[in-house]
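In: No letters, just coordinates:
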């Protein structure tokens, strides 16, 4: 199997979008949405991040799986604006777990990867039972001629619980071998929560064998990112890069620079 871990961006910074049109928190200002997304992406890249991931974080309460058309339209417009503003790979995550929607946005905008919270199996979440749609996601990627868009799939995703009593290694292996994921994500149990090192190492044993990247999905800080990257190939970082460490605040370039320096051992 081709080793995909060697060329995946090591440090991925989060662009957490405020509420989009059609969601309860939307303030009616589309221009400000675009300006905020672009400003956060530019601060992440200026601070040294290797890639950015755009997510509709402000859209709670989230649609469980398939989002309405207007969400896909807004995400396409905003991801496109980010793509034009920065010269690094851009990813897409349509919450709560719309894999086909994420792939559609990425294909339309030139995105390079997507994160899918529930790609295979099923999880109990605050949106109810969320079931993976790997079969739809990968077939759509083929139909759109977007096979260069990598699918990063969470294993035991945050803010959820499993429906079945299965080992972490078993779930991880099947997500790659039967679900066709191009990389695996391991996070803590909530946004910004630290990753359990034992769980990370158990999934690392699977990614080492399958040759796909292992990505830390939450909780990386300047103090922890170096040791985490001794085990994982990459880290997605959001909360630690925001002003005051507040997830909904704008990106703080100085915080980005501190984390990047720590990751590079500087």
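Out: Great, that's in hand. These numbers were taken from a predicted model, which means no experiment stands behind them.
In: Please report phi then psi for residue 201.
Out: Main-chain torsions, residue 201, degrees, to the nearest 10: phi -70, psi -30.
In: residue contacts, the nearest residue to it once chain neighbours are set aside?
Out: With sequence-adjacent residues excluded and distances taken as Cβ to Cβ, 6 or more residues apart in numbering, residue 201 is closest to residue 231, at 6.0 Å. Where C-beta positions appear, they are placed from N, C-alpha and C, glycine not excepted. Residues in contact with residue 231 (Cβ atoms under 8 Å, 6 or more residues apart in numbering) are 197, 200-201, 204, 214.
In: 10 Å instead, please
Out: 186, 195, 197, 200-201, 203-204, 207, 214, 216 (Cβ atoms under 10 Å, 6 or more residues apart in numbering).
In: Residue 254: neighbouring residues, count only.
Out: 10 (other Cβ atoms under 10 Å).
In: again, but for residue 226
Out: When neighbours are counted by other Cβ under 10 Å, residue 226 comes out with 14.
In: Make residue 1 into 51 and carry on from there
Out: Fine by me, first position is 51 from now on; the one you just mentioned is residue 276.
In: Which one (most neighbours) among the contacts of residue 281?
Out: residue 236 (29 neighbours).
In: which stretch of helix or strand covers residue 203?
Out: strand 200-204 (DSSP states H and E).
In: Tell me how far that strand lies from the chain's centre.
Out: Mean C-alpha position of strand 200-204 versus that of the full chain (Cα atoms, centre = their mean, to the nearest Å) differs by 8 Å.
In: separation between the closest residue to residue 74 other than its chain neighbours and residue 155?
Out: Computed as Cβ to Cβ, 6+ apart, the closest residue to residue 74 that is not its neighbour in sequence is residue 111, at 7.6 Å. Plainly put, residue 111 is 21 Å away from residue 155 if you go by Cβ to Cβ, to the nearest Å.
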